[in-house]
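Participant: kindly return the folded structure for what I paste below:
(one chain, ligands or ions: 2)
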Amino acid sequence: MDMLAPIKEVKGVGPKTAEALERVNLKTVGDLIYLLPRVYENYQAAVDIADLRPGKAIIKGKISDLHIIRTSRKRLTITQGVIRDHTGAIRTVWFNQPYRAKQFDEKREYYFTGRYEFKNGRYQLTSPSATLVQDVEKEDVAGFQPIYSAKSSLKPQTFRKLLDNLRPDFAKIPDLLPFSEGSPDFVKPGARAEALYLSHFPETPEEAEKGRKYLAYEELFELILAAKLNQQENLRLKSIPLTFQQDFIQKLVKSLPFQLTNAQRRAAWEILQDMERGVPMNRLLQGDVGSGKTIVAALAAAEATQNNYQTALLAPTAILATQHFESLQILFDSLSNKFKHLRVPRIALLTGATPHKKMLKNLIKEGEIDLVIGTHALLTDDTEFQSLAFCIIDEQHRFGVGQRQKLLLKSPDNTAPHLLSMTATPIPRSLQLTIFGDLDVSIVNELPPGRQPITTKILPEVQQSEDLYPKMRELLAKGQQIYWICQIIEEKNTNTATPVKKQAEKLKKLFPGVQVGMLHGKMKADEKDHIMDDFAKNKIQILVSTTVVEVGVNVPNANMIVIQDAEGYGLAQLHQLRGRVGRGDQPASCFLLTTGEGKPSRRLREMEKSTDGFHLAEVDLKIRGPGEIYGAMQHGELDLQVANLSDTELIAAASHHASEFARNPENLQNYPELASRIRKYQQLTTLN
Ligand code: ADP
Ligand code: MG
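Facilitator: Ligands and ions are numbered 1, 2, ... in the order given. Coordinates of the predicted model:
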């Protein structure tokens, strides 16, 4: 079977279906075969309502009395209904899925799969998934069935039917992976065909799992091989070697208002070593929030200047870019005051709000600016450099691959800049090996001395006046400051400013005599900067804000952060937000407010337990999978179908196998399908 053959060659695919399939990116026979079931359901295990026991349950029945309840807070919609079969009736409930109210035909029978549990004084089936009974083919006696996801107009049954048409040909699916040195035993002739067959037509859960495991391995192998090949390709690129100016760096370090931590020293040293080479550095600087990554990057930038080359520092928000600009300006000013003859970087800020952009861009082009700090405004085509040799990307996960590439193309012809990416969302080791396998990593795993621990507490909103306001008063009385984070409600017609305004009004009344400021995404950049500045100068004591303060912002006198609707955030984001406090020498606290319905999520409980970003990243990976954590994937560029990145054994095996294979990259020519499959991964991490 030719996996690369066009989709229209599949039996049962007419021109119209072919078009629909192509629209959802199913273009080849192989694409369809790799459309794996979303879940497997064991419909044989369906029970009568009268026999339900608490726990995961499948029932078969009709649904009626569907209606939506909006809670007083309006943040939560509850869809309720009643499911009936011949033995009885139960209530069913979905949270924040209002479409459920209109999804069902009350006359037809469905299988409902969900949790049967006791809540608010009665039993209910919580958030069930549903499948039309008619769609579960009756002749399938095993009753253990793959369930496909619908894709735009294409129904799950369509996929099932087409795959069934292909079924006789499955045995002819060619092998994909090399049986080369280092491959594990289960990579053998016919194994791929078997795995795909078992994934689509399993008779037991064990068979489905066997198929999944092989395909997960295959996916990991491809991902890791792509990273390795990129690494080799990057080694063929040329960059400008920047000589390590030891004397200069030592002077700079001595002039700092503090001593570098050992971790900072080590990271800086690794970076400066890398930049001496004629191949581009591709290094990730990982360090928890507040570990002091900026200064490490600044040292490297100063060295580029010393070598007479330019540096660009890209930050995700104007607030952050401005802050970097201001703190580096202070740093370099004090340096040039101390050492009159030293060549310290001439720096400039370039954001959307920068006045006289054209003039500034001219200066950059003529090489009159050594270090440009900016936002996306840096990426436009008319921002040209004279001699860009070094790029720093702060909070790299906030940028897509395309954006990164745009910056990297601004170096002089035939060279690629040295790249330092920074992130405060630590990347778990398993991900490092796979997706980021071609990156060198420096870790700042030590906080500057004197930092105080942050106490974190989950608090139901109803207890605010009792347990929170007194603590806020106490802190304000000590002259300290507070962040109050409001959730943005993602509804079309809401103004993001509304919750912020309301909350600010409320706090003004509660804390008379205290200045309450507001910050949100709808504000103009200069308004935002103004407010941030007032907060930094303690002209504002309570700052009510959306997550625009999330990244990087540094106000050491702010020692409390209250996060409203904390359940609405991901773990990485919560950790980032919490990192706004505990930056000075006073103890700090973080309150996670919940609406108080049900038990707090694992995410929040982990936040209470740990302030270690590396630990939290591992937990996050387990809870959510990598999909939502990393930028590239948020942009839909990487979508792991099967592999589970906490499967360390499989990753280790695939990594070994891929390394062996990558020793002779020309061998890839003998594996055209593999080569075509890994191309999409290669685009993710390349520096080209
Ligand atoms: P992040 O790693 O989160 O980007 P920053 O670079 O913003 O952290 O640094 C946080 C704060 O710590 C800044 O105010 C910075 O000046 C300060 N800082 C950095 N390194 C040290 C150090 N070695 N000793 C004391 N303070 C430091
Ligand atoms: Mg930072």
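
Participant: may I have the phi/psi pair for the residue of the stretch 401-550 of the chain found nearest ligand 1?
Facilitator: Closest to ligand 1 within the stretch 401-550 of the chain is residue 448: 3.2 Å, counting by Cβ to the nearest ligand atom. (Each C-beta comes from the backbone N, C-alpha and C, glycine too.) Phi and psi for residue 448, reported as degrees, to the nearest 10, are phi -60, psi 150.

Participant: pick out the residue of the stretch 101-250 of the chain closest to ligand 1.
Facilitator: Closest approach between the stretch 101-250 of the chain and ligand 1, counting by Cβ to the nearest ligand atom: residue 249, at 15.1 Å.

Participant: the stretch 51-200 of the chain too?
Facilitator: Sorted by distance to ligand 1 under Cβ to the nearest ligand atom, the residues of the stretch 51-200 of the chain start with residue 75, at 30.6 Å.

Participant: re earlier: the residue of the stretch 401-550 of the chain closest to ligand 1: neighbour count?
Facilitator: The local packing of residue 448 (other Cβ atoms under 10 Å) involves 17 other residues.

Participant: which residues are in contact with it?
Facilitator: Applying Cβ atoms under 8 Å, 6 or more residues apart in numbering, one finds that residue 448 lies in contact with 258, 261, 290, 291, 292.

Participant: from the residues you listed, which one has the minimum pLDDT?
Facilitator: Looking at those, model confidence by pLDDT dips furthest at residue 290: 80.

Participant: ok, back up a step: run through who's touching the strand or helix carrying the residue of the stretch 101-250 of the chain closest to ligand 1.
Facilitator: If you go by DSSP states H and E, residue 249 is part of helix 246-255. Residues from elsewhere that reach helix 246-255, judged by Cβ under 8 Å, 6+ apart: 260, 268, 272, 299, 302, 303, 306, 334, 335, 338, 339, 342.

Participant: is the helix or strand hosting the fourth one up against ligand 1 anywhere?
Facilitator: Read that as residue 299. With elements delineated by DSSP H and E, residue 299 resides in helix 293-306, which encompasses its position. Yes - Helix 293-306 reaches ligand 1 (Cβ under 6 Å from any ligand atom) through 293, 294, 295.

Participant: the first one touches residue 426, doesn't it?
Facilitator: Right, residue 293. No - contact criterion Cβ atoms under 8 Å: residue 293 and residue 426 do not qualify, at 11.7 Å.

Participant: find residues that contact each of the two.
Facilitator: Applying Cβ under 8 Å, 6+ apart, one finds that residue 293 and residue 426 are jointly contacted by residue 287.

Participant: count of neighbours near the residue of the stretch 451-600 of the chain found nearest ligand 1?
Facilitator: Per Cβ to the nearest ligand atom, residue 554 is where the stretch 451-600 of the chain lies closest to ligand 1, at 5.0 Å. For residue 554, the count of nearby residues is 17 (other Cβ under 10 Å).

Participant: circling back to that earlier point, can I get the helix holding residue 249 in CSV? Just the C-alpha atoms.
Facilitator: Only the C-alpha atoms of helix 246-255 are listed here, as CSV (Å, rounded to 0.1, in the frame of the first residue of the first chain):
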residue,chain,number,x,y,z
GLN,A,246,37.5,38.4,29.9
ASP,A,247,38.8,41.7,31.2
PHE,A,248,35.8,43.6,30.1
ILE,A,249,33.4,41.0,31.5
GLN,A,250,35.2,41.0,34.8
LYS,A,251,34.9,44.8,35.1
LEU,A,252,31.2,44.6,34.3
VAL,A,253,30.5,41.9,36.8
LYS,A,254,32.4,43.9,39.5
SER,A,255,30.3,47.0,38.8
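
Participant: return the set of buried residues in that helix.
Facilitator: Residues of helix 246-255 classed as buried under the neighbour-count rule (16 or more other Cβ atoms under 10 Å) are 248, 249, 252, 255.

Participant: what about the helices in the stretch 101-250 of the chain?
Facilitator: Assigned by DSSP state H, counting those that start in this stretch, the stretch 101-250 of the chain shows helices spanning 156-166, 191-200, 205-236, 246-255.

Participant: so can I have JSON lines of those showing mean pLDDT?
Facilitator: Converted to JSON lines, those look like this (pLDDT from 0 to 100):
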{"stretch": "helix 156-166", "mean pLDDT": "90"}
{"stretch": "helix 191-200", "mean pLDDT": "96"}
{"stretch": "helix 205-236", "mean pLDDT": "87"}
{"stretch": "helix 246-255", "mean pLDDT": "89"}
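
Participant: so which of these gets nearest residue 60?
Facilitator: Residue 60 lies closest to helix 156-166 among the helices of the stretch 101-250 of the chain, at 17.5 Å (Cβ to Cβ).

Participant: near ligand 1, which of the contacts of residue 448 show up?
Facilitator: 258, 261, 290, 291, 292.

Participant: select only the buried ones of the residues you listed in ChimeraX?
Facilitator: Only the buried members of the ones next to ligand 1 among the contacts of residue 448 end up in this ChimeraX selection, burial being decided by 16+ other Cβ under 10 Å:
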select :261,290,291,292
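
Participant: which phi and psi does the one residue in the chain that gets nearest to ligand 1 have?
Facilitator: When distances are taken as Cβ to the nearest ligand atom, the chain approaches ligand 1 most closely through residue 292, which lies 2.8 Å from it. Note on residue 292: backbone dihedrals following degrees, to the nearest 10 are phi 90, psi 50.

Participant: tell me the contacts of it?
Facilitator: Applying Cβ under 8 Å, 6+ apart to residue 292 gives the contacts 260, 261, 264, 444, 447, 448.

Participant: and of those residues, the nearest to residue 596?
Facilitator: In terms of Cβ to Cβ, no member of the contacts of residue 292 lies closer to residue 596 than residue 447, at 33.1 Å.
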